[in-house]
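A.B. asks: Turn this into a structure:
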Amino acid sequence: MNFYSFAKGVVRVVWTPFYRYEVIGQENIPKEGGVLLCGNHIHNFDPISIGLTCPRQIHFMAKEEIFRVPVLRTVVKALHGFPVKRGKGDRAALRTGLQILNDGHVLGLFPEGTRNKSGELGQAMAGAGFFALRTDCQVVPCAIIGDYKVFRKMKVVYGNPIDMKPLRERKASAMEVAEIIMAHIKEILLQYK
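C.D. replies: Predicted structure coming up:
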């Protein structure tokens, strides 16, 4: 058993008495191959919610500030997290993300780029579109629904993979694709809220 699986088991035991998850659409996550998993971002706990409910191990982009704290850096790296400099064209983070997808793993990211505490979806950033267009990965939208109040139910809903073929063929822009991904996340939120 690797550290990721061990940590997931430990967190599940500690976490689930406080936050009860209803998970919908797990079958929409391809069992193999590169997957870009894109979700809304309402709380610092979102990576935990997705990590606990996704059947595959996820590599998350995380803001570089986390990696300045030695203990956090060690834990996040062990859980397949890697740093990204927000608000800049971080070429190293882009290369790492492409490599993860091309190696057939799951890359998790939040297209808004930062938390939106209002619960409403914010403006997408082009990063999600960049990864979706530059690889042959499956793109799966995901919605986290709830307010992280102790003992209240949370929902994590995985939507159907988005058909990227026509967008790739007509060479759509990264921003357009990111907005399409966000539209799919919004549809899930409206359907399951």
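A.B. asks: Could you tell me how many residues sit around Ile24?
C.D. replies: Other residues within reach of Ile24, judged by other CB atoms under 10 Å, total 18. Yep, even glycine has a C-beta here, placed from its N, CA and C like the rest.
A.B. asks: what's the residue in the chain sticking out farthest from the centre in contact with, if anything?
C.D. replies: Relative to the mean C-alpha coordinate of the chain, counting by CA atoms, centre = their mean, the farthest residue is Arg170 (25.7 Å). By CB atoms under 8 Å, 6 or more residues apart in numbering, no residues touch Arg170.
A.B. asks: Likewise for Tyr19?
C.D. replies: Tyr19 makes contact with Phe45, Ser49, Gly146, Tyr148, Val150, Arg152, Met154, according to CB under 8 Å, 6+ apart.
A.B. asks: so where does the last one fall, helix or strand?
C.D. replies: The one in question is Met154. strand 153-158 (DSSP states H and E).
A.B. asks: Give the buried residues for that strand.
C.D. replies: Of the residues in strand 153-158, Met154, Lys155, Val156, Val157, Tyr158 count as buried by neighbour count, 16 or more other CB atoms under 10 Å.
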